[in-house]
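**Student:** How does the following fold in three dimensions:
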Amino acid sequence: MDLHWIGAEPTDIERAAVDDVVGPVEENELPGAELHEHVVRSGLEEALAKRHLLLPALNAVQGRVGWLSPGALDYICRRLSVPPAEAYGVATFYALLSTESRPPRVAHVCDDIACQLVGAENLCRELEATLGPEGGAWFRSPCLGQCERAPAALLQLAGEDDWTLTGATAASVAEALAGKRSETPLPSAAPQTHAPRAESLRILRRVGRAGPSSLDDYREQGGYRALRRAFELGPESVLREVKESGVRGRGGAAFPMGVKWEAVAKAPVRPQSVVCNADESEPGTFKDRLLMEEDPFAVVEATTVAGYATGSETGYIYVRGEYPLAIRRLQHAIETAEKRGFLGAGIMGEGFDFRIEVRKGAGAYICGEETALFNSIEGFRGEPRSKPPFPTQVGLFRKPTVVNNVETLVNALDIVLDGGPAFAAIGTKESAGPKLFCVSGHVARPGVYEVPFGATLREVLDLASGVPGGRKIKTILLGGAAGSFVGPEEIDTPLTFEGTRAIGATLGSGVIMVFDETSDMRATAARIARFFRDESCGQCVPCRVGTVRQEEALSRLARNGDGAREKVLLDELAQVMRDASICGLGQTAANAIVSALAKGLLSRETS
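**Tutor:** Here you go, the predicted model:
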């Protein structure tokens, strides 16, 4: 491969940030200053072996300096033997990385649909009046996963830890940019863990009882009993229990977890790996954030159980960059578990070796797609791969890989402890176990709620204390931006895979977003369309062009009234994107829009 250096030099701070990730420079590692074009004819495997450090190095410089200068990019490329053009393509792929100079303190202000419902648009107008136009000290952002505390802003601070501001106002954003950090502890995002506490909780039972930074607290609440039980059962028996449990993925695809685990365990190619997909970026979704922030040792233990059952040696937890607190708490949990013998070599004296790395994303919804996530970890643009082959055959680093989201993995702890049949007895035949739902929008108590599969939509909304102010429900968005709108007449639908399928909807990632009679549904539909336009990776034409055309058609519909031509066009676009897009983003990008049209939510009388 041809490596053409641009000749820019990094600052000492940039050089140190990269070296902290890659390691110290070895003698004769870098080409001399006079060598501007270096053709690598040997050592390709060695170079590729370091490519996976590209995103961590980019994140390190961004976090230390606030942007990626030409000198920093050039130095990263030299250290990793990555062609500068490719590194630039990766750096410009992510929303939280900047290749242009900008202030060291920047606010990413969410204007997505949940924040929109509580005044995000007014907040952005106020920021424009006080801080200047977007693109300087502040930027509009897609969903930050803080929907129960909306409106929200992510503070990116060069040389300091990033943090999230909730209940944001123009004044509090300005204060944060000036250096004032909120020290007020936030209540749990799970109202059922507040007094009076719901005692039937399973997934959330440790939340509020075990301090997220204390391994001793976690063990007092039953932590690491599941891993001990897994060692007693052996890998084959653990696989059997997981299959018998009937547990299916909680991230949207609903694929049986046991089938994935067994396929990787039986794969003849070694080594295998486990990936915990914590790139929770679906608008309206924040359940995985809750588990990572408030029960991080459970995420670590569950990933370890998956590694043991599948014969894997390495685990990765890929966390979206917008979750700085979750990243810090997971990293602390991993380091603590390693020191105490629950990770690393010879775990719990059982001769099983397993290590976990946290990988930080950098702002790309598409990286929630499993193969795009693999590419991101490997140091490439986060673009999906064609399937087949599937991840259980050719996954991360082209080896068999188990990939599950956080909620799905955490269920493995109860399955191992209580047995698969006991877990299967909860819920329904097709939808086994407990389920977390993210309730936001126009409800009195937004948050994460745990119910057994089969509870109705009405029952979950009753837990959230209904719509405030006595207002009526106009519609409910199930499954997030990639989901569907349902009407108040469907409020008694059982929340199961089969129940939502029967009404032409989907559970998706567990989003329940309520819109009352005051909601502007045209603005909501426009924001969903803009979200998919922005988040399309651009790899395939149906999605890249279709999401743009969808937004344009909605804009014309808003200007010209109830145009039959635009509705036909939107239906045709939806069909093309569903049939021809390479991944789930394009295939579901029109779902909410089509359902809103079908229910008349975008007509002048109802919007």
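**Student:** List phi and psi for the nearest residue to Gln62 once chain neighbours are set aside.
**Tutor:** The shortest distance from Gln62 to any non-neighbouring residue, by Cβ to Cβ, 6 or more residues apart in numbering, is to Leu97 (5.3 Å). For glycine as for every other residue, the C-beta is placed from the backbone atoms N, C-alpha and C. In terms of degrees, to the nearest 10, the main-chain angles of Leu97 are phi -110, psi 140.
**Student:** just checking, Leu97 touches Leu68?
**Tutor:** Yes - counting by Cβ atoms under 8 Å, Leu68 is a contact partner of Leu97 at 6.1 Å.
**Student:** quick one: Ala309 and Gly315, what's the gap?
**Tutor:** 12 Å (Cβ to Cβ, to the nearest Å).
**Student:** out of the two, which sits in the more crowded spot?
**Tutor:** Ala309 (28 against 24; other Cβ atoms under 10 Å).
**Student:** Surely that one touches Val242?
**Tutor:** Yes - using Cβ under 8 Å, Ala309 makes contact with Val242 at a distance of 7.0 Å.
**Student:** Quickly list what's touching both of the two.
**Tutor:** Residues touching both Ala309 and Val242 by Cβ atoms under 8 Å, 6 or more residues apart in numbering: Trp261.
**Student:** got a pLDDT number for Gly43?
**Tutor:** Per-residue pLDDT puts Gly43 at 59.
**Student:** more crowded one of Leu97 and Leu68?
**Tutor:** A side-by-side neighbour count of Leu97 and Leu68, using other Cβ under 10 Å, places Leu68 first with 24 against 20.
**Student:** Give the helix, strand or coil label for that one.
**Tutor:** Taking DSSP: H, G, I helix; E, B strand; the rest coil as the rule, one finds Leu68 in the coil state.
**Student:** where does it land on pLDDT?
**Tutor:** 98.
**Student:** Is it in contact with Ala91, as I believe?
**Tutor:** Yes - assessed by Cβ under 8 Å, Leu68 is found in contact with Ala91 at 5.5 Å.
**Student:** what do these two both touch?
**Tutor:** In contact with both Leu68 and Ala91: Leu58, Leu97, Thr99, using Cβ under 8 Å, 6+ apart.
**Student:** and which of the residues you listed is nearest to Ala230?
**Tutor:** Among these, Leu58 lies closest to Ala230 (Cβ to Cβ), at 36.5 Å.
**Student:** Tell me how many other residues surround the closest one.
**Tutor:** Neighbours around Leu58, by other Cβ under 10 Å: 26.
**Student:** Tell me which other helices or strands whichever strand or helix holds it touches.
**Tutor:** With secondary structure defined by DSSP states H and E, Leu58 is part of helix 54-65. Counting by 3 or more Cβ pairs under 8 Å, 6 or more residues apart in numbering; DSSP states H and E, the packing neighbours recorded for helix 54-65 are helix 12-22, helix 70-80, helix 84-91, strand 355-360.
**Student:** Please work out the angle formed by the directions of that helix and strand 355-360.
**Tutor:** Here helix 54-65 points in a direction 60 degrees away from that of strand 355-360 (axes from the mean of the first three to the mean of the last three Cα atoms, to 10 degrees).
**Student:** The residue lying closest to Gly395 once chain neighbours are set aside and Arg385, how far apart?
**Tutor:** Of all residues not flanking Gly395 in the chain, Thr401 sits nearest, at 2.6 Å (Cβ to Cβ, 6+ apart). Noted for Thr401: a distance of 12 Å to Arg385, by Cβ to Cβ.
**Student:** cool, Ser214 as well?
**Tutor:** 40 Å.
**Student:** quick one: least confident helix or strand in this protein?
**Tutor:** For the chain, counting by mean pLDDT, DSSP states H and E, strand 37-39 ranks last in confidence among helices and strands (a mean of 46).
**Student:** and Leu239, what element?
**Tutor:** helix 235-245.
**Student:** From the contact counts, what lies against that helix?
**Tutor:** Against helix 235-245 (3+ Cβ pairs under 8 Å, 6+ apart) you get helix 257-265, helix 296-310, helix 406-418, helix 420-424.
**Student:** Go again with 10 Å.
**Tutor:** Secondary-structure packing of helix 235-245 (3 or more Cβ pairs under 10 Å, 6 or more residues apart in numbering; DSSP states H and E): helix 225-233, helix 257-265, helix 296-310, helix 406-418, helix 420-424.
**Student:** relative to helix 225-233, how tilted is the longest one?
**Tutor:** Put simply, helix 296-310 runs at 20 degrees to helix 225-233, going by the same axes, to 10 degrees.
**Student:** CA-only coordinates of helix 296-310 in PDB, if you can.
**Tutor:** Below are the C-alpha coordinates for helix 296-310, written out as PDB (Å, rounded to 0.1, in the frame of the first residue of the first chain):
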ATOM      1  CA  PRO A 296     -21.900  -2.200  35.200                       C
ATOM      2  CA  PHE A 297     -20.600  -5.300  37.000                       C
ATOM      3  CA  ALA A 298     -23.600  -7.200  35.700                       C
ATOM      4  CA  VAL A 299     -22.600  -6.300  32.100                       C
ATOM      5  CA  VAL A 300     -19.100  -7.500  32.700                       C
ATOM      6  CA  GLU A 301     -20.200 -10.700  34.300                       C
ATOM      7  CA  ALA A 302     -22.700 -11.500  31.600                       C
ATOM      8  CA  THR A 303     -20.100 -10.900  28.900                       C
ATOM      9  CA  THR A 304     -17.800 -13.200  30.700                       C
ATOM     10  CA  VAL A 305     -20.500 -15.900  30.900                       C
ATOM     11  CA  ALA A 306     -21.000 -15.600  27.100                       C
ATOM     12  CA  GLY A 307     -17.200 -15.900  26.600                       C
ATOM     13  CA  TYR A 308     -17.000 -19.100  28.700                       C
ATOM     14  CA  ALA A 309     -20.000 -20.700  27.000                       C
ATOM     15  CA  THR A 310     -18.700 -20.000  23.500                       C
END
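**Student:** Please consider this matter closed, and thank you.
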